[in-house]
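In: here is my input, please return the structure:
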Amino acid sequence: MKRKVTKAVFPVAGLGTRFLPATKSIPKEIMTLVDRPLIQYAIDEARAAGIKEFIFVTSRGKGALEDYFDHAPELEGSLRKKGKKDLLNALKSTNMDSGAIAYIRQHKALGLGHAVWCARRLIANEPFAVILPDDVIAAEQSCLQQMVEAYADTGGCMVAAMEVPPEKAPSYGVLDVRDDMGSLVSVNGMVEKPKMEEAPSNLAVIGRYILTPNVLQNLNKIKQGAGGEIQLTDAIAREIEDGRDVFGYRFRGQRYDCGSKAGYLQATVAFGLSRPELRDEFGAYLDEMVSLRQAAE
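Out: Model (predicted):
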């Protein structure tokens, strides 16, 4: 009997150097798209998928991230007195029940695989999800929820995947596809950041995973791989070598790479235009900017 996926790991220990100087004093995950931090999008996606336990792998300087999910009695009291019910409701999604969220320190920046391994004692012997908050995915049904529903039929390990141009392959883990079944593909192997001409496919791994506890055991044995880091893809690839199933899942939705400045700006525009109260004014401004740019050319 397959166990339900109720735990999720959020690796948030990175320094966010691509967004300096902003990230000198605030965690990158607190940076906002419109009026919600990146981490809130990840939490909402996990909740929609049935996640009940949230495990954050953090590092020094992430206190603001922990405070964000705490209750704010003075602020809530002030809003209540002023009758601002809409703002109170907005705050509710940021509050986490006592015991639902845990924080673990990653003391050395040894890669995504190491960050996941740091959470091993809280995961124990259960399947679990991994969500990278840098990857924000706009979808009618949350990406992780799509994956959890597919996982109920397949078991094994599952990674979110999307097609990328060949020149982008060196920036991703890439799937070696065995059998393409549409939304699902079974996988022969995974290659981390291959050279363009050596990429086994154009299906890249995106920051959503459903993993078995075996992956944690594999991480115990793995030495540093690409980039001198302990790569999660290496631990998943070992599952394939050991004869266990690994699947790629082509999710329905639009992914934004908010770990890059261009992707972050694209997401800001897309999420701004999706808000009814902003769409007309913001859209008119963008149209004006495009017209000015075309006139200048």
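In: quick test: name the residue nearest the centre of the chain.
Out: Residue closest to the average C-alpha location in the chain (CA atoms, centre = their mean): residue 132, at 2.4 Å.
In: state the phi and psi torsions of the closest residue to it other than its chain neighbours.
Out: Distances taken as CB to CB, 6 or more residues apart in numbering place residue 207 nearest to residue 132, at 2.9 Å, with adjacent residues excluded. Every C-beta, even on glycine, is put in place using the N, C-alpha and C of the backbone. Backbone torsions for residue 207, taken as degrees, to the nearest 10, come to phi -70, psi 50.
In: confidence score at residue 207?
Out: Note on residue 207: pLDDT of 91.
In: report the longest helix in the chain, please.
Out: helix 276-296 (DSSP state H).
In: show me the shaky parts of the stretch 151-297 of the chain.
Out: 223-228 (pLDDT under 70).
In: how about the strands in it?
Out: Taking DSSP state E, counting those that start in this stretch as the test, the strands found in the stretch 151-297 of the chain are 157-163, 173-180, 184-192, 203-211, 246-250, 254-257.
In: so which elements touch the second one?
Out: In other words, strand 173-180. If contacts are counted by 3 or more CB pairs under 8 Å, 6 or more residues apart in numbering; DSSP states H and E, strand 173-180 sits against strand 157-163, strand 184-192, strand 203-211.
In: now the angle from that strand to strand 157-163?
Out: Computed by axes from the mean of the first three to the mean of the last three CA atoms, to 10 degrees, the angle separating strand 173-180 from strand 157-163 equals 100 degrees.
In: need the contact partners of strand 173-180.
Out: 159, 161, 185-194, 199-205, 231, 233, 248 (CB atoms under 8 Å, 6 or more residues apart in numbering).
In: can you give me the buried ones in that strand?
Out: For strand 173-180, the neighbour count (16 or more other CB atoms under 10 Å) marks 173-177 as buried.
In: now the two most distant members of these.
Out: 173 and 177 (13.2 Å; CB to CB).
In: hang on, the earlier thing: and the helices and strands packed on strand 173-180 as a markdown table, adding distance to residue 123 and mean neighbour count?
Out: What follows is the helices and strands packed on strand 173-180, written out as a markdown table (distance: least, CB to CB, whole Å; neighbours: other CB atoms under 10 Å):
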| stretch | distance to residue 123 | mean neighbour count |
| --- | --- | --- |
| strand 157-163 | 14 | 23 |
| strand 184-192 | 21 | 20 |
| strand 203-211 | 9 | 24 |
